[in-house]
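Asker: Generate a structure from the sequence data that follows.
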Amino acid sequence: MLKELVIASHNKGKIAEFENLLAPYGVKIYSAKDLDLPDVEETGKTFAENAIIKAEALAEMCNKPCLADDSGLCVDALDGRPGVYSARYAPNRDFDKAMTMLIDEIKTTRSKDWSAHFSCVLALKIPDKKVELFEGRVDGRIVEQRRGENGFGFDPVFVPNGFDVTFAEMSADDKKKISHRGQAVEKFLQKVFNG
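Answerer: Numbers count the residues shown, from 1 in each chain. Below you'll find the model as predicted:
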């Protein structure tokens, strides 16, 4: 049973989401920032490769169990971009600008298909054990007008299939039930705490 876990991220929104998801299990959560661990360069070509790179690097640095994720938005009209470059798509992590750029870029394709999906791969590295992967995906579409104050990243312009609201209009609990990260975390929890 895990007693402590390092989340390989400096993103406050992502850390808060993980704290919420893991709260019922009494695990002490540390962010990379809490332990003065650096950002690890994501050189992989897939979400899985990037998650593994981060989990292995930080677990080695701090000798604690480390959970890393790589996730992003894949837009059909943009041939799956921004994909693994979702965080870097935003100039200086300014997602207001990123959302404007994304909408403008989709418009230039003249595609009527604004479908997209969020993918998430979690990599768990426990010192002296091999990395385990957990994946989640949620399909939906991009909307032109930003809506909602919750969430982070591209949440205000993403409406999941079967819903009329964006991720940013959902409560954290409602989003957790269907999100890509929620699905991946659920698989992680099943394996680690209920397996």
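
Asker: Around E60, how many other residues sit close by?
Answerer: Counted with other Cβ atoms under 10 Å, residues neighbouring E60 total 11. Just so you know, the C-beta spots here come from the backbone N, C-alpha and C atoms, and that holds for glycine as well.

Asker: Angles on the backbone of the residue nearest the centre of the chain, please.
Answerer: The residue lying closest to the centre of the chain (Cα atoms, centre = their mean) is S71, at 3.9 Å. In terms of degrees, to the nearest 10, the main-chain angles of S71 are phi -150, psi 160.

Asker: Is it bridged to anything, and to what?
Answerer: For S71, the beta-bridge partners under DSSP bridges are C120.

Asker: okay but it is in contact with A123, surely?
Answerer: No. In this structure, S71 is not within contact of A123 by Cβ atoms under 8 Å, at 11.5 Å.

Asker: where does the protein have its least confident helix or strand?
Answerer: Least confident helix or strand, the chain: helix 12-22 with a mean of 81, by mean pLDDT, DSSP states H and E.

Asker: Give me the buried positions along that helix.
Answerer: By neighbour count, with 16 or more other Cβ atoms under 10 Å as the criterion, the buried positions of helix 12-22 are 14-15, 17-18, 21-22.

Asker: How about stretch 172-190?
Answerer: For stretch 172-190, the neighbour count (16+ other Cβ under 10 Å) marks 175-176, 178-189 as buried.

Asker: Closest one to K130 out of those residues, please.
Answerer: Set against K130, the nearest of the buried residues of stretch 172-190 by Cβ to Cβ is F188 (15.1 Å).

Asker: Quick check on that closest one: phi, psi?
Answerer: Per degrees, to the nearest 10, the backbone of F188 is at phi -60, psi -50.

Asker: Could you measure from it over to E42?
Answerer: According to Cβ to Cβ, to the nearest Å, F188 and E42 sit 20 Å apart.

Asker: neighbouring contacts of stretch 18-27?
Answerer: With Cβ atoms under 8 Å, 6 or more residues apart in numbering as the contact definition, stretch 18-27 has outside contacts at 2-5, 7, 9, 29, 67, 172, 176, 181-182, 185, 189, 193.

Asker: so who does the residue nearest to the centre of the chain touch?
Answerer: Neighbours of S71 in contact, by Cβ under 8 Å, 6+ apart: 47, 86, 118-121, 180-181.

Asker: Relative to E60, how far out is it?
Answerer: The value you get for S71 to E60, if Cβ to Cβ is used, is 22 Å.
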